[in-house]
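[1] Below is the sequence, then the predicted model.
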Amino acid sequence: MSFSACMNCGASLTQNDIALHKKLVNRGAERFLCPGCLGERFSLTAEELGELKARFLSQGCGLFVTEEEEA
Ligand SMILES: [Zn+2]
């Protein structure tokens, strides 16, 4: 399910993509970057972004949903 689109490339975003942007950039953000564009901006690989997402999820960050819930 997409909630929004990347403000840079227009890719559709999942809830976790938005959550990742909020954690990395600004919790109060209203426009978001997709993981690809976030990765470019912060020099993170897709793998590193996946690890960050998993870490936030394991910390019980309420912004994130499990993959099953996200689907
Ligand atoms: Zn993008």
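    Right, received. Where do you want to start?
[2] what about this structure, any weak spots by pLDDT?
    For the chain, the stretches flagged by pLDDT under 70 are 1-3, 70-71.
[3] show me where it has helices.
    For the chain, the helices defined by DSSP state H cover 15-24, 35-42, 46-58, 67-70.
[4] Check the gap between Ala64 and Cys9 for me.
    Careful, residue 64 is Phe and not Ala. Separation of Phe64 from Cys9 (C-beta to C-beta, to the nearest Å) stands at 22 Å. For the C-beta atoms, the positions are set from N, CA and C on the backbone; glycine is no exception.
[5] Those two: who's more crowded?
    Just comparing Phe64 and Cys9: by other C-beta atoms under 10 Å the higher neighbour count belongs to Phe64, 23 against 11.
[6] for the more buried one, what are its contacts?
    Gln15, Asn16, Ala19, Lys53, Phe56, Leu57 (C-beta atoms under 8 Å, 6 or more residues apart in numbering).
[7] Cross-check those residues against the ion and keep the overlap.
    Filtering those for proximity to the ion by C-beta under 5 Å from the ion leaves nothing.
[8] which parts of this structure sit against the ion?
    So far as C-beta under 5 Å from the ion goes, the chain lies against the ion at Cys6, Asn8, Cys9, Ala11, Cys34, Cys37.
[9] Does the first one touch Cys37 like I think?
    Yes. Distance between Cys6 and Cys37: 5.7 Å, which falls inside the contact criterion (C-beta atoms under 8 Å).
[10] Buried residues in stretch 60-71, which are they?
    Within stretch 60-71, the residues scored as buried using 16 or more other C-beta atoms under 10 Å are Phe64.
[11] how far is it from where the chain is centred?
    In terms of C-alpha atoms, centre = their mean, to the nearest Å, the centre of stretch 60-71 is set 11 Å apart from its chain centre.
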